[in-house]
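Novice: Predicted model, plus sequence, below.
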Amino acid sequence: MPVSPLRRRLAVAAAPLIAALVLSSCAAATTDAGDGGGEVVWAIEGANLSAGHMDPQTSQLDVSSMVQRAALDSLVFQEADGSFSPWLAESWEIEDDGASYVFTLRDDVTFHDGEPFDAAAVKANFDRIADPETASAQAASMLGGEFYAGTEVVDEHTVRVSFTQPYSPFLQAASTALLGFYSPAVLEASADQLKAGGPGITVGTGPFELTEYTPDQEIVYTRNDDYAWGPHDSGAAQFETLRVEILPEASVRVGVVESGEADLASQLPPNLAADLDDSLTVDSKEYPGLPYSLYLNEKHGVFADQKVRQAFAQAIDIDTAVDEIFFGQFPRAWSVLGSTTPTYDASLEGSWPFDASAAETLLDEAGWTARDAEGYRTKDGERLSARWIAWTPVPDDRAALANAIQSDLKAVGFEVVREVLEPGAYNEQYGPKTFDLTDWGFSGVDPDLLRSHLHTEGFQNASQVSDADLDALLERGVATADTAERGEIYGEVQQWNAVHVAIVPLYSPSLITAVGDTVEGLAYDLYGRPLFYDVSVG
């Protein structure tokens, strides 16, 4: 879908900006770029990049792929209409109904360290992702997971990627930075440092080379003058330096782009984006994939009871909370797939509205009929309570949404205790699944992403779903390339969740970017992430 301007004027006041928060260390963006020089300053949130998330092959954070796209290229490029174009691969053939993909590679590509890009480099990267010791979750799943059979070097510039069965999402996966390529020399000598990243470590074939990195402050990418193999045969960048400023406070990102200290700022919340200066272009693109949702752990605590899960979902006034907190800019979600995702089932819209009375009835039927002194429901002397673990940092808007959810649940006698945890503490509970619910959104263009969340063996199955029929359905979805059949399969999966309530979708976020008039030619990928191949400044 095309990027559309964010509606600017709303009958609300944006949060006040404090001038003192604008970082003096951000140099004013360079605009004198007539000779192909100049600098683009890009302000991002960058949360947790320094916590081992500089490697898209191992990180599940969107921001990792967003920034490292500048350095890491892919085999193919996915167009706005969902089709695929050549990139590092000149052409490809699909064999055995999708169980094998043969790529003919360009013969003129080199890594930033001078190493050639060839079939051996493809094999080294894919085998590294698939190696259990790499501990790659999302990228390994996109590479086929247990279906990945290996990569064969046919000749220097021909490579065959094989699977144990047809694997239809592979081209989409192969277009992402998660399956982007590092220099084989780096993989051999410094693979253990890729999570931390840095100059001489994050070495790809991309239009920019990572030349400086100060964790939690900035990443500096310098133009790769030899670049001649970008999407649509784009050549070297038209500016010299891409400076990524890591600014966790949204008000600070707004401040630097309004003052001109940054040329563009991403990951902006709707309340601040709504009142930006008219000189800025504000682009908003809804993420495809799984909306921001709550994951109910049915193998731990009160959510083992389906009626309790159903009551939990119906007791939340999602429409009101989402509309008020996100200023009408993010749509309320009805399905485990967002509306911009292929196979989205629009028939679910309006199918499970807020209904506190129905929630009360379901909880009564589940046996939670008594009340304690604080008004919470009890059964056999135990309070109806669920513990929600959240990963820090939590944006203010999501904190407000959590408060609204807790208030709605309290109104029907359901206690929700929320714990905001540092990554290490979060993982200590997430690993053994010793929590009742947790939350996140998960972007992805192919609906196969539901397999990682709802299959018994899914690496992000936080709900601990284990349903043989659902597993079979998800396995059929990954094996067929037939569009109509996939629509039926994933429609059935979405309908299943609407009844089973393993996941409670809340809203579909957008990636909002504000762009100053110093930047021309900015484009976005299907996830709404800025692409700098054709950008000029000045």
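Specialist: Nice, thanks for sending it over.
Novice: from here on, contacts and neighbour counts on C-alpha atoms
Specialist: Noted.
Novice: secondary structure element for the nearest residue to S136 once chain neighbours are set aside?
Specialist: The shortest distance from S136 to any non-neighbouring residue, by C-alpha to C-alpha, 6 or more residues apart in numbering, is to T58 (4.3 Å). Assigned by DSSP states H and E, T58 belongs to no helix or strand.
Novice: what does T361 give?
Specialist: T361 belongs to helix 356-365, assigned by DSSP H and E.
Novice: which stretches of the stretch 201-350 of the chain form strands?
Specialist: Counting by DSSP state E, counting those that start in this stretch, residue ranges of the strands within the stretch 201-350 of the chain are 208-214, 218-223, 241-246, 264-265, 281-286, 289-296.
Novice: Let me know which of these is tucked in deepest.
Specialist: strand 264-265 (a mean of 28; mean count of other C-alpha atoms under 10 Å).
Novice: what is the rounded mean pLDDT of stretch 241-261?
Specialist: Average pLDDT, stretch 241-261: 97.
Novice: Any chance of JSON lines for the strands of the stretch 201-350 of the chain, columns distance to V478?
Specialist: Output for those, formatted as JSON lines (distance: least, C-alpha to C-alpha, whole Å):
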{"stretch": "strand 208-214", "distance to V478": "34"}
{"stretch": "strand 218-223", "distance to V478": "37"}
{"stretch": "strand 241-246", "distance to V478": "36"}
{"stretch": "strand 264-265", "distance to V478": "36"}
{"stretch": "strand 281-286", "distance to V478": "24"}
{"stretch": "strand 289-296", "distance to V478": "15"}
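Novice: In the protein, where is pLDDT below threshold?
Specialist: For the chain, applying pLDDT under 70 flags the ranges 1-35.
Novice: Name the residue most distant from the centre of it?
Specialist: A373 (42.6 Å; C-alpha atoms, centre = their mean).
Novice: sec struct for that one, please.
Specialist: coil (DSSP: H, G, I helix; E, B strand; the rest coil).
Novice: measure the nearest residue to F111 once chain neighbours are set aside to S536 for me?
Specialist: Leaving aside its sequence neighbours, F111 sits nearest to T205 (C-alpha to C-alpha, 6+ apart; 4.3 Å). Distance of T205 to S536, given as C-alpha to C-alpha, to the nearest Å: 21 Å.
Novice: Among these two, which residue is more densely surrounded?
Specialist: Legend: neighbour count by other C-alpha atoms under 10 Å for T205 and S536, higher for T205 (30 against 23).
Novice: For A196, pull up the helix or strand it's in.
Specialist: Per DSSP H and E, there is no helix or strand for A196.
Novice: mind giving me the domain split of the chain?
Specialist: Here the domain parsing of the chain from automatic domain parsing is 4-284+512-537, 289-508.
Novice: Kindly check the end-to-end length of the last one for me.
Specialist: When you say that, I think you mean domain 289-508. 9 Å.
Novice: what's the distance between that domain and the middle of its chain?
Specialist: The chain centroid and the centroid of domain 289-508 are separated by 18 Å under C-alpha atoms, centre = their mean, to the nearest Å.
Novice: Measure how buried A472 is and give me the count.
Specialist: For A472, using other C-alpha under 10 Å, the count is 11.
Novice: State the helix or strand in which it lies.
Specialist: helix 468-479.
Novice: in the following helix or strand past that helix, what counts as buried?
Specialist: Per DSSP H and E, the first helix or strand lying C-terminal to helix 468-479 is helix 483-500. Under the neighbour-count criterion of 16 or more other C-alpha atoms under 10 Å, helix 483-500 has R486, G487, I489, Y490, G491, E492, V493, Q494, Q495, N497, A498 buried.
Novice: other SSEs contacting helix 483-500?
Specialist: Counting contacts by 3 or more C-alpha pairs under 8 Å, 6 or more residues apart in numbering; DSSP states H and E, helix 483-500 packs against helix 306-314, helix 468-479.
Novice: What lies in contact with that helix?
Specialist: Helix 483-500 is contacted from outside by 306, 309-310, 335-337, 342-345, 348, 352, 447, 470, 473-474, 476-477, 480, 503, using C-alpha atoms under 8 Å, 6 or more residues apart in numbering.
Novice: Quick check: next helix or strand after that helix?
Specialist: According to DSSP H and E, the helix or strand after helix 483-500 is strand 503-507.
Novice: And that following strand, what does it pack against?
Specialist: Strand 503-507 packs on strand 289-296, helix 318-325, going by 3+ C-alpha pairs under 8 Å, 6+ apart.
Novice: how about 10 Å then?
Specialist: Under the contact definition 3 or more C-alpha pairs under 10 Å, 6 or more residues apart in numbering; DSSP states H and E, strand 503-507 sits against strand 289-296, helix 306-314, helix 318-325, strand 437-443, helix 483-500.
Novice: Would you mind giving those as TSV with distance to E457 added?
Specialist: TSV is the format used below for these (distance: least, C-alpha to C-alpha, whole Å):
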stretch	distance to E457
strand 289-296	16
helix 306-314	21
helix 318-325	30
strand 437-443	18
helix 483-500	16
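Novice: Looking at those, which is nearest to T176?
Specialist: strand 437-443 (11.7 Å; C-alpha to C-alpha).
Novice: Quick check: buried residues in the closest one?
Specialist: L437, T438, D439, G441, F442, S443.
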